[in-house]
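Chemist: Any chance you can model this:
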Amino acid sequence: MNLKFSYCLMIAGAMLIIPACKKDPVVEKHKQTTVSSSDNDSGKKDEQPSSSPDEAAVLTRIEVVTPPVRTTYLLRSTDPVSLDGLVVEGIYSSGERKKLEVTAENLSGFSTEKAVEQLPVTISLEEKQASFMVKIIDYVVTDGVLTEVLEKQGEVYRVPAEAKVISPTAFSTCVFDKIVFSEGVEEIQADAFRGNPVKEIVFPKSLKTLGEYCFYGCRNLSRIDLSVTQVQLIPKRAFSEVGAEEIKLPVTLQEIASQAFLHTSRK
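Modeler: Numbering: from 1, shown residues only. All right, here's what the predicted structure looks like:
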């Protein structure tokens, strides 16, 4: 009797334990929903872009880091400003530097109407400005030879320093009262100033060679001063038919060709 009673008590205890271990489906569903919602919220937070400290930075100035490759243009040329090689950077309030795009619409001040040693070309971006320099020249020099002067008339013309040789075509259609040769000019070729109305010539110390007929027919040229030059030969008719009343020759002079000063008054 006691054994049967004990056995019944064991069965009853087991039946009580089993329901206690079984999960409530309603509770479990609520837990899953809560966890899923929490995971989604976490994912959304991770997807939000982090705020950058540079978002509020403003452009404070612009700077030309590298000027264009080409900075020289001919007088009255129709060529537009070349932007090849130009590098412009913006400097922001955060200290950041950023390369900026520049187009022809951002430029002002460029003109080829007048020869000038340094002409500023202004770049305008977001109300900030910077500039680079270009040079407008009135001559053509090729391999050291001055072949053309683009400015055709005026009181004084200064031959550019890069010219070593003056060709016959350089001043063929020019009218200047005075021409100054820069140091570096070594040769004035034949017929270079033939019949030119120039009144005064300033010769350089570097001058070594004169061509035949180089100043033939310069009737307005009242003075010839070669004293500082290195000329050794004054060739045929170099100063023939010239109106010079005063002539100074260099100490280096070794020979004067026939008719070099034909029909020229000398003192």
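
Chemist: pLDDT weak spots in the stretch 51-200 of the chain?
Modeler: 51-55 (pLDDT under 70).

Chemist: Spell out the residue ranges of the strands in it.
Modeler: Secondary structure of the stretch 51-200 of the chain by DSSP state E, counting those that start in this stretch: the strands cover 59-66, 72-74, 87-92, 97-100, 107-108, 116-125, 128-137, 139-142, 145-149, 153-158, 165-166, 175-180, 187-188, 200-202.

Chemist: Show me which positions of the last one end up buried.
Modeler: Neighbour-count burial for strand 200-202, with 16 or more other C-beta atoms under 10 Å as criterion, is recorded at Glu200, Ile201. Glycine gets a C-beta too; all of them are placed from N, C-alpha and C.

Chemist: Distance from that strand to the middle of the chain?
Modeler: Counting by C-alpha atoms, centre = their mean, to the nearest Å, strand 200-202 is centred 35 Å from the centre of its parent chain.

Chemist: From the contact counts, what lies against that strand?
Modeler: The contact analysis (3 or more C-beta pairs under 8 Å, 6 or more residues apart in numbering; DSSP states H and E) places strand 200-202 against strand 175-180, strand 223-225.

Chemist: And those: which comes nearest Ile234?
Modeler: When the helices and strands packed on strand 200-202 are compared by C-beta to C-beta, strand 223-225 sits nearest Ile234, at 9.7 Å.

Chemist: Give the buried residues for that closest one.
Modeler: Applying a neighbour-count criterion of 16+ other C-beta under 10 Å, one finds Ile224, Asp225 buried in strand 223-225.

Chemist: Quick one: closest of the strands of the stretch 51-200 of the chain to Ala260.
Modeler: Of these, the one closest to Ala260 (C-beta to C-beta) turns out to be strand 187-188, at 13.9 Å.

Chemist: List the beta-bridge partners for Ile234.
Modeler: Listed beta-bridge partners, Ile234: Ile256 (assigned using DSSP bridges).

Chemist: Give me the domain ranges for the chain.
Modeler: The chain breaks down by automatic domain parsing into domains covering 59-137, 139-267.

Chemist: Deepest-packed of those domains, please.
Modeler: domain 139-267 (a mean of 17; mean count of other C-beta atoms under 10 Å).

Chemist: Off-centre distance for it?
Modeler: Relative to the chain's own centre, domain 139-267 is displaced by 35 Å; criterion: C-alpha atoms, centre = their mean.

Chemist: do stretch 124-144 as well
Modeler: Its chain's average C-alpha position is 6 Å from that of stretch 124-144, according to C-alpha atoms, centre = their mean.
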